[in-house]
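Peer 1: using only what follows, build the 3D model:
(chains A and B)
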Amino acid sequence: GAGVSQSPSNKVTEKGKDVELRCDPISGHTALYWYRQSLGQGLEFLIYFQGNSAPDKSGLPSDRFSAERTGGSVSTLTIQRTQQEDSAVYLCASSGGGGGETQYFGPGTRLLVL
Amino acid sequence: GQQVMQIPQYQHVQEGEDFTTYCNSSTTLSNIQWYKQRPGGHPVFLIQLVKSGEVKKQKRLTFQFGEAKKNSSLHITATQTTDVGTYFCAGSYNNNDMRFGAGTRLTVKP
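Peer 2: Okay, here's the model as predicted:
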């Protein structure tokens, strides 16, 4: 596609519910990143995928968070049993080769946990 | 743990003045990247620095990477209103450990 797309753009959920966030990277990009940004705060690195290699999940804040990337393209970030502190904008970025190449960000998913 | 400190948190300048933001890591970085996020927008990659002592320029922006690869700076000469936004540095320790600074929010008074 023309750029990184994410869905949904906004999500409101109740505490304790599970949510799934989707990221479609730029076609052909092998690297995909997930970040979290709380209101007025910096970017928190969550996880990084490079091609079909297994990601290092140590950046995920708790075991309620999981992410997968199927077929080396689309990625989903799942948050189980959501908590209010999970409320943030979740940003996805992709790059052509990882390792610090230009990252192109999607518009983000704004998650609000009530 | 590994973290990247960024200062100042806020900077308000008069148009035409210079601006600098600094990032510092307690341990050596493999590389550092800089991003700009306009109000209401998402971060946009500006540049990556890899080599010790590296200096790169993009028009009025000058990026530096320290000799020890633990600190970096972004300097904007003669700011313009279009420079408004939050500037983030992001230091990489390995491919799967990247830490962002808290960002410096720049406002420019015309």
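Peer 1: what is the least confident helix or strand in chain B?
Peer 2: Of all the helices and strands that make up chain B, the one with the lowest confidence by mean pLDDT, DSSP states H and E is strand B:97-100; it has a mean of 77.
Peer 1: what ranges in chain A fall below the confidence cut-off?
Peer 2: For chain A, applying pLDDT under 70 flags the ranges A:1, A:97-101.
Peer 1: ok, now how distant is B:I76 from B:M5?
Peer 2: Using CB to CB, to the nearest Å, we find B:I76 at a distance of 20 Å from B:M5. In short, each C-beta sits where N, CA and C put it, glycine included.
Peer 1: what helix or strand is A:Y33 located in?
Peer 2: Under the criterion DSSP states H and E, the helix or strand holding A:Y33 is strand A:31-37.
Peer 1: for chain A, which residue gets nearest to chain B?
Peer 2: Of the residues in chain A, the one nearest chain B is A:D56, at a distance of 3.5 Å by CB to the nearest CB.
Peer 1: beta-bridge partners for that residue, please?
Peer 2: Listed beta-bridge partners, A:D56: A:Y48 (assigned using DSSP bridges).
Peer 1: against chain A, how distant is B:V4?
Peer 2: 9 Å (CB to the nearest CB, to the nearest Å).
Peer 1: residues near that residue, how many?
Peer 2: By other CB atoms under 10 Å in any protein chain shown, the residues close to B:V4 number 26.
Peer 1: for it, what are its contacts?
Peer 2: The neighbours of B:V4, taking CB atoms under 8 Å, 6 or more residues apart in numbering or on different chains as the test, are B:C23, B:N24, B:S25, B:C89, B:A90, B:G91, B:R99, B:F100, B:G101.
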